[in-house]
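J.: 3D, please:
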Amino acid sequence: MAPTPDYPFPARASMDPDPDRRDEGAAAAPARSVPSRVAFVASSSPTAQSSLRELTDRYGNHSPDEAEVIVTLGGDGFMLESMHRYMALGTPLFGMNRGTVGFLMNRFSPDGLTDRLADAEEQVLRPLRMIANCDGGVRLEAVAFNEVSMLRQERQAAKLRLIINGRERMDQLVCDGIIVSTAAGSTAYNLSAHGPIIPIGSPLLAMTPISAFRPRRWRGALLPSSATVRVEVAERWKRPVSAVADHVEARDVVDVEIAEDPTQSVRMLFDADHNLEERILTEQFSFG
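T.: Reported below is the predicted structural model:
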């Protein structure tokens, strides 16, 4: 998971950059003209900051509010922060890897950047919305582009009740936690918990248990992206559970509702020869 950012997440009634393509979860955008206004933003790492100076000297730098494209320099954690930070602008994001894994990033090269941006393929990613009700009447809402995870807070395993679209599917899951992941987030925490990789564009969510004790052989489920998931916490006075949506954590939760948010989205740009669909396909045949 990415570190907690030091800014408030933006909110608005509708953040869909193109309402005519609302159900095109991974549709490629039409060809774009060469952008004349590019914003460069970078993580605090020395490598990213050095690259920021190099690219700014070569191409200039515009404010994200005025840019046609925002180029992020860092790793996947910084890209996730940028997705939340700039989501309300509707401006496409093009990441260049200055971190480690860089699953959501393109390769770094300062040469020919404007042509790469014009030729890039677009993916529209939609987040999950988490509504967490906590002890004391506290209610927390947040969105997650990767996953919503529920985790035991103390030494005892959590006891969870799983309800999908209003129907109980499991009366008691004893585990360390559970993850509900988007396709884009399926290669993150979900994959570490041995969950399935979901190709971008698939109308699916992954529900993956973390160290399930009962039922021991349950390995999770694939759900339609239209599903509404409700997770209730049993014996929460002695088995407290937290819920995390990307960077936002709720403690001592009573129940959590999770569903895809059709009113929000972010536009991601990838080099045509190394797009997100190809990365997910490659990951499924990787044994590293």
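J.: what are the ranges of the strands in the stretch 101-250 of the chain?
T.: For the stretch 101-250 of the chain, strands defined by DSSP state E, counting those that start in this stretch occupy the ranges 121-125, 128-134, 139-144, 147-152, 158-164, 167-175, 177-181, 204-210, 221-224, 228-234, 241-245, 248-250.
J.: quick one, which of these is packed in tightest?
T.: Highest mean neighbour count among the strands of the stretch 101-250 of the chain (mean count of other C-beta atoms under 10 Å): strand 177-181, with a mean of 27. In this view, the C-beta of every residue, glycine as well, is placed from N, C-alpha and C.
J.: what about that one, distance to the chain center?
T.: Relative to its chain's centre, strand 177-181 lies at 13 Å (C-alpha atoms, centre = their mean, to the nearest Å).
J.: who are the packing partners of it?
T.: If you count contacts as 3 or more C-beta pairs under 8 Å, 6 or more residues apart in numbering; DSSP states H and E, strand 177-181 packs onto strand 147-152, strand 158-164, helix 189-192, strand 204-210.
J.: which residues of the stretch 51-200 of the chain score low on pLDDT?
T.: Along the stretch 51-200 of the chain, no part satisfies pLDDT under 70.
J.: apply 80 and report the result again.
T.: 101, 200 (pLDDT under 80).
J.: may I ask you to name the longest helix in this protein?
T.: helix 46-59 (DSSP state H).
J.: distance between whatever helix or strand comes next after that helix and the chain's centre?
T.: On the C-terminal side of helix 46-59, the closest following helix or strand by DSSP states H and E is strand 69-74. On the basis of C-alpha atoms, centre = their mean, strand 69-74 sits 16 Å off its chain's mean C-alpha point.
J.: go on, stretch 229-240?
T.: 24 Å.
J.: swap in stretch 224-241?
T.: The answer for stretch 224-241 is 20 Å, by C-alpha atoms, centre = their mean.
J.: for it, measure first residue to last.
T.: One end of stretch 224-241 sits 25 Å from the other (C-alpha to C-alpha, to the nearest Å).
J.: for the strands of the stretch 101-250 of the chain, give me CSV that also has distance to residue 84.
T.: Shown next, in CSV, are the strands of the stretch 101-250 of the chain (distance: least, C-beta to C-beta, whole Å):
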stretch, distance to residue 84
strand 121-125, 12
strand 128-134, 13
strand 139-144, 8
strand 147-152, 14
strand 158-164, 27
strand 167-175, 28
strand 177-181, 17
strand 204-210, 19
strand 221-224, 24
strand 228-234, 21
strand 241-245, 10
strand 248-250, 9
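J.: list the contacts for residue 39?
T.: 61-64, 66-67, 69-71, 91 (C-beta atoms under 8 Å, 6 or more residues apart in numbering).
J.: now these as JSON lines including distance to residue 152?
T.: Output for the contacts of residue 39, formatted as JSON lines (distance: C-beta to C-beta, whole Å):
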{"residue": "61", "distance to residue 152": "45"}
{"residue": "62", "distance to residue 152": "46"}
{"residue": "63", "distance to residue 152": "43"}
{"residue": "64", "distance to residue 152": "39"}
{"residue": "66", "distance to residue 152": "46"}
{"residue": "67", "distance to residue 152": "43"}
{"residue": "69", "distance to residue 152": "42"}
{"residue": "70", "distance to residue 152": "37"}
{"residue": "71", "distance to residue 152": "39"}
{"residue": "91", "distance to residue 152": "39"}
